[in-house]
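1. missing the sequence, but the structure's below:
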């Protein structure tokens, strides 16, 4: 039997289908999503929860003329399938394949690029304001999750929407009851009644009579307040809250009931101001393992859809290497065992940062502030003012959102806040919205802060100890992925601020590396000496700020070939710091300094290894440069 999604043009064909046919389409899309993601991996549970919302939206609205603005993108795989990318879904998050998030460059149906949470209402309001001036017949819908609406930016957008009173629809995809409890059918019935066509026409007519002076202000305002009070009474706290921002509220309704969704969207479309539809959904809907554990199934590697077992690449028998996130959480928990002033803060990422493990050991020292990075940083500053040692564990890409707070609330006051910047460097398949490539540049220009990066898990633990005992702001950046598996020192040791170390002596070439790339530099140097007879010195910089000036003054003038190596943007990064230092100190070098890192562009999705190659800073690129730049005859080597 042919599937409907294979016999109609998408999304246009959805607009003529009846509800029963739309239900079949929803099931076909859910089955296709399960089949595709089980083979390719990707974000999973969130998109399973928005199947019916996606179908209803493309049934009611005429995209891309009408605009759908999705928050983040985890929930938009079905939207991609409905807008010409169904057959490409198997390439998602792979090099040269579909992005895991929304990209304007990828489709005209992707109205706004989305990678960081809380942006959809602001962007949608901007579009609605533009349409009010150019073509008021066009509709704009923002789809935002209950977690994302905790972001301060989302609240600001709700406030501005109420002030502008533009025609805008917001769908609150609520899968965790974080806004209000589900008050059942009575609320939906009442919301449907007050937003159906007859009351809407009456309300519009009443408003026109008021504008013309036939209805006194006192009467008009009294009736309007009475209606709002009734909505609040029947629909609970959520209705009153959104109504206070100037929205008409519909819900809570079953976000998997297509008939209710389509009816609600039609009613909302007929309104003359902002409307919020509160849709209750189940993350992972339609795949039982994902429904039972939506966190585990949020983002997945390939899996067997029948047994629900993940398919992993066979590895040689060896001990499992911890991730750098796990190393961080373990070190922090160990330090907190002995220091009652240490507390940990995250912005809705306890699992991603490893702090869920810290929370198990120290529940009273753990804070999850939701998707509020700005608040997290200033909250930490307040704790630091009173003698605590707050550790903000925030992905590098998300700390960008709190730059002003880092500058004014922490560094300006020289407060001892520790920033644990997870995912520093390229992040692999999450792609351009999540790359941690700018933190050195945006932090090292701020007075008072120290910026460091460990070469391995042992040094990481010592840096954590150094950080919690430092009297001022300090940041540690570390990459996504596993540590290297070295032995851990039994005791913590303090590292002198700004002190680098020579980890391999050499006479022909110099590589100054930052972070775990130091280990790659050592391996590369050993290979160059074995195969080509080139003796390469490797320095573990440890610190991007302050630099070890004495060591650099001693070593930089010795070599004809000098490279800096960082997992970061070249512009303003660690290599730039070295160049600035050489210029300021007037150091005479035998040759130029060649910097290796990411150029002036955004890095798209691929594996981390592929991204190093794409950007020209993998081991092969650097060893090739050293070989090409090595002037003397290569030494004869017995192999």
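-> Alright, I've got the coordinates. Worth saying up front: this structure is predicted, and the values here are computed from it rather than measured.

2. Point me to the residue sitting closest to the centre of the chain.
-> residue 116 (4.8 Å; C-alpha atoms, centre = their mean).

3. Correct me if wrong: that one contacts residue 433.
-> Yes: A contact is recorded between residue 116 and residue 433 when judged using C-beta atoms under 8 Å, the distance being 6.7 Å. Every residue, glycine included, has its C-beta placed from N, CA and C.

4. between those two, what contacts are shared?
-> Jointly contacting residue 116 and residue 433 under the rule C-beta atoms under 8 Å, 6 or more residues apart in numbering are residue 397.

5. Starting from the longest helix anywhere in the chain, tell me the next helix or strand along the chain.
-> When the chain is scanned for its longest helix (criterion: DSSP state H), the result is helix 19-40. Sequence order places strand 42-43 as the next helix or strand after helix 19-40, per DSSP states H and E.

6. For the helix or strand following that next one, what does the pLDDT average out to?
-> Using DSSP H and E, the helix or strand that follows strand 42-43 in sequence is helix 45-48. Averaged across helix 45-48, the pLDDT comes to 90.

7. which strands and helices sit next to helix 45-48?
-> Contacting helix 45-48 under the criterion 3 or more C-beta pairs under 8 Å, 6 or more residues apart in numbering; DSSP states H and E are the following elements: helix 19-40.

8. any idea of the pLDDT on residue 221?
-> With respect to pLDDT, residue 221 has a value of 57.

9. Tell me the buried residues in the strand or helix carrying residue 382?
-> Secondary-structure element containing residue 382, defined by DSSP H and E: helix 373-385. By neighbour count, and taking 16 or more other C-beta atoms under 10 Å as the criterion, the buried residues in helix 373-385 are 373-381, 383-384.

10. quick one on the thing from earlier: does the residue nearest to the centre of the chain count as helix, strand or coil?
-> In the three-state summary, residue 116 is assigned as coil, counting by DSSP: H, G, I helix; E, B strand; the rest coil.

11. Now it, what are its backbone angles?
-> Residue 116 adopts backbone torsions of phi -110, psi 140, taken as degrees, to the nearest 10.

12. ok, it - contacts?
-> Counting by C-beta under 8 Å, 6+ apart, residue 116 has contacts 72, 397-398, 401, 433.

13. Now list the buried members of those.
-> In the contacts of residue 116, the ones that pass as buried (16+ other C-beta under 10 Å) are 72, 397-398, 401, 433.

14. Looking at these, which one is closest to residue 366?
-> For residue 366, the nearest member of those is residue 398. The distance, counting by C-beta to C-beta, is 17.9 Å.

15. list the contacts for the closest residue in space to that closest one that isn't next to it in sequence?
-> With sequence-adjacent residues excluded and distances taken as C-beta to C-beta, 6 or more residues apart in numbering, residue 398 is closest to residue 373, at 5.4 Å. Contact analysis of residue 373 by C-beta under 8 Å, 6+ apart lists 347, 394, 398-399, 401-402, 405.

16. Recalculate using a threshold of 6 Å.
-> With contacts defined as C-beta atoms under 6 Å, 6 or more residues apart in numbering, residue 373 is in contact with 347, 394, 398, 401-402.
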